[in-house]
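**Student:** Predicted model, plus sequence, below.
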Amino acid sequence: MSQATVEADVLQTAGKGVRENPVDKYLRMERMPTIWCPGCGIGTTVNCFSRALDDSGFDLDKVAIVSGIGCTGRVAGYLKLDSFHTTHGRAIPFATGLKLANPELKVVVYSGDGDLSAIGGNHLFHAARRNADLLVVCVNNFTYGMTGGQVTPTTPYPAIASTTPYGAYEETFNLPHVVASAGATYVARWTAYHVRQLAKTMGEALGKKGFRFIEIIAPCPTLYLRRNRLGEGLEEMKFYKEKSVIKNGADPKDVGLDYREEIVVGKFVDIERPTLEESMEKRMREALGAKYVPYQQPGKMSPRS
Ligand code: SF4
């Protein structure tokens, strides 16, 4: 979100002073402008997330956001929540610990494809397997933006990256399939063009339990688009509009992405199964019976404890 965007968002209403943009209260305005380049899709996703928070009515003191490293990793620092900017690839284990220590929190992980599916890939599918009670938002721009545009596990054949000057050639991750096959209970994908659907999906996912995963296809004009001579951010939005096909309920194994081909979007998975905490609680009760003492948050302990 550039300074110009921030200024444009503060609408002047004649005779009524300044009307605040509804998302401003979810942002740390003192940190504006962001580091994001003009046309970058990350700011659009943050706008959608702020609107989802606004609609949710949640007590914001009970919502925490955790990011890893990278351009998307800066999101936590711009949102006016309890924010944690963690080490590379480690947002999910950090968030899992946060949730286990304070089960009252809604914990959101917000990071990029490189951070979540490469260096953090191990944590991604194990958190899905365990059904850790987290919402994971993955902005997939097919590159490592902050470190110079290297190839990531989602860079499609034969896109150019700084480390694949003749074009990417490795098999890619179909992220919805990876997390769904590992056990995620909610899986959806939209692009940065689908702002209404994305905000609605974020709101729905925030209200659910278990491992929830939203992939957002978003433009990185500075590195990915420029290297591949694909134009500016606006042209990429037009591309998303033309190439996206909404298929709610599609089998995640069928939604893999190819370079400049159809982008299947929608909600693919929405199921229920016991969360990590519920499974642990059940097993401990079976094993220990009356001797089992459930975990109590420090601030909620009884006077006798
Ligand atoms: Fe966005 Fe790419 Fe710029 Fe990073 S380098 S802020 S991903 S446009």
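**Tutor:** Thanks, I have the structure now. A quick note: this is a predicted structure, and the numbers were derived from the prediction, not measured. Residues are numbered from 1 along each chain as shown.
**Student:** count of neighbours near residue 84?
**Tutor:** For residue 84, the count of nearby residues is 18 (other Cβ atoms under 10 Å). Any C-beta I mention is one placed from the backbone N, CA and C, and that applies to glycine too.
**Student:** Give the bridge partners for it, please.
**Tutor:** residue 66 (DSSP bridges).
**Student:** ok, now how distant is residue 42 from the ligand?
**Tutor:** Applying Cβ to the nearest ligand atom, to the nearest Å, the value for residue 42 to the ligand is 6 Å.
**Student:** Contacts only, for that residue.
**Tutor:** Taking Cβ atoms under 8 Å, 6 or more residues apart in numbering, we find residue 42 in contact with 36, 71-72, 74-75, 139, 141, 218.
**Student:** Apply 7 Å and report the result again.
**Tutor:** Each residue near residue 42 by Cβ atoms under 7 Å, 6 or more residues apart in numbering is listed here: 36, 71-72, 75, 139, 218.
**Student:** between these, which has the most around it?
**Tutor:** residue 72 (32 neighbours).
**Student:** Give me the phi and psi for residue 64.
**Tutor:** Main-chain torsions, residue 64, degrees, to the nearest 10: phi -120, psi 150.
**Student:** same check, this time on residue 131
**Tutor:** phi 60, psi 50.
**Student:** I figured it was touching residue 276, is that so?
**Tutor:** Yes - when contacts are counted by Cβ atoms under 7 Å, residue 131 is listed as touching residue 276 (5.6 Å).
**Student:** Looking at the two, which has the bigger crowd around it?
**Tutor:** residue 131 (23 against 19).
**Student:** for the protein, which spans come out with low pLDDT?
**Tutor:** 1-17, 297-305 (pLDDT under 70).
**Student:** on that earlier part again, could you point out which of the contacts of residue 42 is nearest to residue 159?
**Tutor:** Residue 159 lies nearest to residue 218 out of the contacts of residue 42, by Cβ to Cβ, at 14.9 Å.
**Student:** quick one: contacts for the closest one?
**Tutor:** 41-42, 45, 139-141, 192.
**Student:** Just send these back as CSV, with distance to residue 283 and secondary structure too.
**Tutor:** Shown next, in CSV, are the contacts of residue 218 (distance: Cβ to Cβ, whole Å; DSSP: H, G, I helix; E, B strand; the rest coil):
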residue, distance to residue 283, secondary structure
41, 42, coil
42, 40, helix
45, 37, helix
139, 36, strand
140, 35, strand
141, 40, coil
192, 42, coil
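**Student:** What remains of those residues if I keep only buried residues?
**Tutor:** The neighbour-count criterion (16 or more other Cβ atoms under 10 Å) marks 41-42, 45, 139-141, 192 among the contacts of residue 218 as buried.
**Student:** ok, residue 127 - contacts?
**Tutor:** Applying Cβ under 7 Å, 6+ apart, the residues contacting residue 127 are 92, 96, 134, 211.
**Student:** check contacts around the residue nearest the centre of the chain.
**Tutor:** By Cα atoms, centre = their mean, the chain has its centre lying nearest to residue 137, at 1.2 Å. When contacts are counted by Cβ under 7 Å, 6+ apart, residue 137 touches 108-110, 214, 216.
**Student:** same question, residue 275
**Tutor:** 131, 133, 209-210.
**Student:** Look up the closest residue to it, ignoring the ones flanking it.
**Tutor:** residue 133 (4.6 Å; Cβ to Cβ, 6 or more residues apart in numbering).
**Student:** What parts of the chain come near the ligand?
**Tutor:** For the chain, the contact set with the ligand under Cβ under 6 Å from any ligand atom comprises 36-37, 40, 42, 71, 141, 145-146, 220-223.
**Student:** Now do the SS call for residue 104.
**Tutor:** Per DSSP: H, G, I helix; E, B strand; the rest coil, the local secondary structure of residue 104 is coil.
**Student:** how much space is there between the closest residue to it other than its chain neighbours and residue 173?
**Tutor:** Leaving out its chain neighbours, the residue that sits closest to residue 104 by Cβ to Cβ, 6+ apart is residue 62, at 5.8 Å. Computed as Cβ to Cβ, to the nearest Å, the residue 62 to residue 173 distance reads 32 Å.
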